[in-house]
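**Q** got a sequence here, can you model it:
(chains A, B, C and D)
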Number of protein chains: 2
Amino acid sequence: MTSEKSLKEPGVNPSHPPATPRTSHPVTMREVAEGAGVSVATVSLVVNNKKDARIGAGTRKRVLDTIRELGYRPNALAKNLVSGSSRFIGLVADAIATTPFAGQIIHGAQDEAWKHGFVLLVANTEGDEPVEKDAISMMLEHKVRGILYSTWFHRPTEIPAALQETDFVLVNCFSPDSDALAVVPDEVHGGREATDILVRKGHRRIAFINATIPAPAKDGRLQGYRDALESAGIAFDPNLVFDAYPDQEGGYGAVEELLKRDVTAVFCYNDRMAMGLYDGLKQQGLSIPDDMAVVGFDNQEVIAAHMRPPLSTVALPHYELGAAGVRLLLGVDEPAGSPVVKLECPPVERDSVGPNTLTRSRLP
Amino acid sequence: MTSEKSLKEPGVNPSHPPATPRTSHPVTMREVAEGAGVSVATVSLVVNNKKDARIGAGTRKRVLDTIRELGYRPNALAKNLVSGSSRFIGLVADAIATTPFAGQIIHGAQDEAWKHGFVLLVANTEGDEPVEKDAISMMLEHKVRGILYSTWFHRPTEIPAALQETDFVLVNCFSPDSDALAVVPDEVHGGREATDILVRKGHRRIAFINATIPAPAKDGRLQGYRDALESAGIAFDPNLVFDAYPDQEGGYGAVEELLKRDVTAVFCYNDRMAMGLYDGLKQQGLSIPDDMAVVGFDNQEVIAAHMRPPLSTVALPHYELGAAGVRLLLGVDEPAGSPVVKLECPPVERDSVGPNTLTRSRLP
DNA sequence: CATTTCTGCTAAAGCGTTTGATCACTGCAA
DNA sequence: TTGCAGTGATCAAACGCTTTAGCAGAAATG
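**A** Model (predicted):
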């Protein structure tokens, strides 16, 4: 299915200027061999510490010394060529800089890949399809071991055709109508954890401000909220759930609605919403957590940890998504049952929910 | 200077499991040649669109058709091997996920690299020296065209020895005692822009809350502040400058000091500090910008754009740092004069400074 | 008609490695 | 003496591609 275009303008495009290397020829294996008075084969065996190779102690030392002397470095390109496959793992991201989220996925993937002797090849597509296609082409041309296809927020996605040419794992996204491997956060579990933080503090009337925009997170977190209430024996009151745009402005604007509801606690769809909500509540002269306990979602460090008071929230496991993606790709982890692996969202408790007092629920 | 260790455990470590490739042999150039009834040389010439190659129209079409039919993809590994140098650019970062900053550097570098037909090899070291060394080794083994060595905040740095084995550019950091190429933000210019925002609004008594921790930013922004005042004909009053820890808590804690100073505006070392300051001012019943105009620094989108009111600030050119780093590395840009290139920090004006009124300065 | 020029294509050397086959020894048992 | 095993190291063929020199035939030139 290789298009003509992708051949005329492959990732490595001949119309670009040549990659003029540094002056001074790099030391090759042959030079080491000559220097040590042995054959290249011997050098190769020594360098790779081949288990079943029979090399005399003297020779080995001579080779090693020469290597150090000459400052020889193995040429990974040649190595890869001969072995037919590289130690690259491609990571295609739709947004690298917009949020810290993608950064954490990269970080996790990179760490895990490194552990297994692999190296990350990163491409940022900004959601641009042609760019994405080129990026994948380039990775395939470099004979990557596989590709991680990641999105910065949890959502369903199409699988680009070119991906099928190699092993791949969807990260933070999934393909509804295919059995492609995927790793995503467990939104239901997250919603439950968030709600549980409040339930544990004794709150019985807990509002949930959900997002206005449809997403797995919207449905999942709501489900988690309901599950938590049910486990706590609290009846679900649809009146306590309403929507707002998931950012600071949305949170601020939701205050009025919220105060109509006679609740002691609120679970916000995300931290940004909680940040706006803080402003609104304070402006009303209300105190957090005394007048209103607040829980967010995402654990955006820059915000959550430094709000006043610091915000209790639930962490999206972005780092783990990246790492698990790599493990899945390499076959280190096997998906249990469904090809879509769900990762837990751990709660992060801070001061926005107040001291642990169960009295509140007893004096309504 | 290759250490024995780095040879026994190079980036591509033989102790790791083999990179088992996908089943089904990938299509090679030879197969295309056979399919089209020509020589591999011809295929190569067609694929690369060689300018001075004389290929008949019929043959060319036949080759192209066969390529499509077989789904042939050039093998970049082989290509690189033969050309002696790859189209990789290495990016070593000390923190990829801590802040969005590193993400933007990566983004800029990746975009620019891509433009020139290069691909980014990313390594995250988290400031760990051995990891850093391994990362650089691995890049050298892959015969990268050069390495971008980047830090997440602007600071002086040592140059790892291994870097000298290739071309490199320091990004967001610099080496005081060497003439290494570097790109950094122009802190002085940034400080000046920030102050100018306030000056333009007519403020004359402008405080500057600097950071407690030493950094090029601390000195530079102060200098910029002084420059701006001088240009505006405002005498510098050392009493209006004091320090706070550069985060939300620091900003909050600085309010008391600030209010002692009888100023109408304040320039905060960074956006996080401004965020805390907002809380403190509001708690005092003061209004922004009416009672106090506020300017930040960094333009951390998640925060600045969504504070209440949205925060005027100065953007750190992280994306541009990455892009400029690549251009410098590839020799597309030449440093003018000093090897340390300074990039402007553009002001981003929002509502925290109030409407444009010059009256204030006329009625002191 | 003999020569030169041009056109279209191919052969083959090489890029830096890996690796299975092979070789020259030295002992040692038969 | 022959045979065989073990040791230490080498040979040479790949891996998939680029690139230069060069060959055969057609067309243009004298």
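**Q** just give the closest residue to the residue in the stretch 151-300 of chain A that DNA strand D sits nearest to, not the sequence neighbours.
**A** Using Cβ to the nearest atom of the strand, the closest approach of the stretch 151-300 of chain A to DNA strand D is made by A:E165 at 14.1 Å. For every residue, glycine as well, the C-beta is placed using N, CA and C. Counting by Cβ to Cβ, 6 or more residues apart in numbering or on different chains, A:E165 lies nearest to A:L140, which is 5.6 Å off, once chain neighbours are set aside.
**Q** count the residues that sit near the residue of the stretch 151-300 of chain A closest to DNA strand D.
**A** For A:E165, the count of nearby residues is 19 (other Cβ atoms under 10 Å in any protein chain shown).
**Q** what's the answer for A:D243, then?
**A** 16.
**Q** contacting residues for A:F208?
**A** Applying Cβ atoms under 8 Å, 6 or more residues apart in numbering or on different chains, we find A:F208 in contact with A:T195, A:R221, A:L222, A:Y225, A:L240, A:V241, A:V266, A:F267, A:Y269.
**Q** out of the residues you listed, list just those in helices.
**A** The helices, defined by DSSP state H, take in A:T195, A:R221, A:L222, A:Y225 from the contacts of A:F208.
**Q** among those, which one sits closest to B:E320?
**A** A:R221 (37.2 Å; Cβ to Cβ).
**Q** pretty sure that closest one is touching A:G191, no?
**A** Yes: between A:R221 and A:G191 a contact is recorded at 3.5 Å, counting by Cβ atoms under 8 Å.
**Q** domain assignment for chain A?
**A** Domain segmentation of chain A under automatic domain parsing yields A:24-74, A:88-180+A:320-343, A:187-312+A:349-362.
**Q** three-state assignment of A:V341?
**A** Assigned with DSSP: H, G, I helix; E, B strand; the rest coil, A:V341 falls in the strand class.
**Q** how many neighbours does it have?
**A** 22.
**Q** in the stretch 201-350 of chain A, which spans are strands?
**A** A:206-211, A:241-244, A:265-268, A:293-295, A:313-314, A:340-343, A:347-348 (DSSP state E, counting those that start in this stretch).
**Q** is it true that A:Y149 lies in a helix?
**A** No: under three-state DSSP, A:Y149 sits outside any helix and is assigned strand.
**Q** residues touching it, list them.
**A** A:V92, A:T157, A:I159, A:P160, A:L163, A:F168, A:V169, A:L170, A:V171, A:C173.
**Q** what residue is smack in the middle of chain A?
**A** A:I105 (2.6 Å; Cα atoms, centre = their mean).
**Q** so which strand or helix has that residue?
**A** Secondary structure assignment for A:I105, by DSSP states H and E: helix A:100-115.
**Q** ok, now how distant is the residue in chain A that DNA strand C sits nearest to from chain B?
**A** The nearest approach of chain A to DNA strand C comes at A:M29, 2.7 Å away (Cβ to the nearest atom of the strand). From A:M29 across to chain B, the span is 12 Å (Cβ to the nearest Cβ, to the nearest Å).
**Q** neighbours around that residue, how many?
**A** Residues near A:M29, counting by other Cβ under 10 Å: 19.
**Q** list the contacts of it.
**A** A:V40, A:V43, A:S44, A:V47, A:Y72, A:P74, A:N75.
**Q** at 6 Å what do you get?
**A** A:V40, A:V43 (Cβ atoms under 6 Å, 6 or more residues apart in numbering or on different chains).
**Q** returning to that earlier point: I'd like the domains of chain A as TSV, with mean pLDDT appended.
**A** As requested, the domains of chain A are exported to TSV (pLDDT from 0 to 100):
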stretch	mean pLDDT
domain A:24-74	93
domain A:88-180+A:320-343	93
domain A:187-312+A:349-362	94
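**Q** before we move on, back to that, quick check: chain neighbours aside, which residue is closest to the residue nearest to the centre of chain A?
**A** A:G322 (4.1 Å).
**Q** got the contact list for stretch A:214-226?
**A** In this structure, residues lying in contact with stretch A:214-226 by Cβ under 6 Å, 6+ apart are A:H154, A:R155, A:E187, A:V188, A:G191, A:R192, A:T195, A:F208, A:N210, A:A211, A:F236.
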